[in-house]
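Peer 1: after the sequence you'll find the predicted model.
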Amino acid sequence: HDGEAVDLVPRLLDGRLDLLLIESWANRPMFVPAGITLRTLVGEDVWVALSTRHPLSGRETVDVTELSGTAWTSCPPGTEPHEALVQALRARGVEPDVRYVLAEHITQLALVEKNLAAALIPAMSRGLAPSGVCFARLRPALRREIKAAWCTNAETPPVRACVAALEGVPRE
């Protein structure tokens, strides 16, 4: 099932799902209820995606405060990426202007290319960017982790095998 952790964790807890892949952002770690085991599979940097026409394009690093007044595209409110964006900006005194709410990065990057918004894009999604998008590191830096999550009391052989297989996936 595809979806956001906020919606899927209850299905894990009541036994309708056996295993989740969830994301947790360093500046806003995901709340995990008691009884769930987590295993980090991937840790990666998060970049700000800007149109090549944006005034800050071409910079290696952009301070969050320099993005004041910038329109944003992000995942829906309540999701980990959205809340991490809001928290990262507000922690530096910048009120987020999230104008476009989309669940996936390809469409977010299309809006960035058209210079309609900026987006926070994890490293593994950078390769999806069209040619009119550039990336800069954020100051302060942001990171996210992809984790496997399962109910501790329901760690079955299939769950263990799946987690072991995911841990063995080559990473770039």
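Peer 2: Arrived safely. Numbers count the residues shown, from 1 in each chain.
Peer 1: C-alpha only now, for contacts and for neighbours.
Peer 2: Fine.
Peer 1: grab the most central residue of the protein for me.
Peer 2: Most central in the chain under C-alpha atoms, centre = their mean is Pro81, positioned 4.3 Å from the mean C-alpha point.
Peer 1: how about the strands of the chain, start to end?
Peer 2: 20-25, 36-51, 61-63, 71-74, 97-101, 119-122, 133-151 (DSSP state E).
Peer 1: could you pull out the buried residues of the longest one?
Peer 2: Read that as strand 133-151. Residues 133-138, 141-151 are the ones in strand 133-151 that count as buried (16 or more other C-alpha atoms under 10 Å).
Peer 1: please apply the same query to the second one.
Peer 2: Of the residues in strand 36-51, those buried under the neighbour-count criterion (16+ other C-alpha under 10 Å) are 36-38, 40-43, 45-51.
Peer 1: ok, back up a step: close enough to count as contact, the residue nearest to the centre of the chain and Ser74?
Peer 2: Yes: with contact defined as C-alpha atoms under 8 Å, Pro81 and Ser74 form a contacting pair (7.0 Å).
Peer 1: contacting residues for Ala141?
Peer 2: Residues near Ala141 by C-alpha atoms under 8 Å, 6 or more residues apart in numbering: Asp45, Val46.
Peer 1: now it: how far from Pro55?
Peer 2: Taking C-alpha to C-alpha, to the nearest Å as the criterion, Ala141 is separated from Pro55 by 20 Å.
Peer 1: ok, Asp63 next?
Peer 2: Distance, Asp63 to Pro55, by C-alpha to C-alpha: 13 Å.
Peer 1: more neighbours: those two, which one.
Peer 2: Asp63 (14 against 9; other C-alpha atoms under 10 Å).
Peer 1: which one is that one nearest to, not counting chain neighbours?
Peer 2: Closest residue to Asp63 in three dimensions, ignoring its sequence neighbours and counting by C-alpha to C-alpha, 6 or more residues apart in numbering: Arg139, at 4.5 Å.
Peer 1: same check, this time on Pro77
Peer 2: Nearest non-adjacent residue to Pro77, counting by C-alpha to C-alpha, 6+ apart: Glu83, 6.7 Å away.
Peer 1: number of nearby residues for that neighbour?
Peer 2: Neighbours of Glu83 using other C-alpha under 10 Å come to 19.
Peer 1: same deal with the one 5 residues further on?
Peer 2: Residues lying near Ala88 (other C-alpha under 10 Å) number 21.
Peer 1: touching, it and Ala26? I think so.
Peer 2: No: if you go by C-alpha under 8 Å, Ala88 and Ala26 don't touch, sitting 10.1 Å apart.
Peer 1: so what touches the helix or strand bottoming out on mean pLDDT in the chain?
Peer 2: Least confident helix or strand, the chain: helix 5-13 with a mean of 89, by mean pLDDT, DSSP states H and E. By C-alpha under 8 Å, 6+ apart, the surrounding residues in contact with helix 5-13 are Leu17, Asp18, Leu19, Leu20, Ile22, Glu23, Gly78, Thr79, Glu80, Trp150, Cys151.
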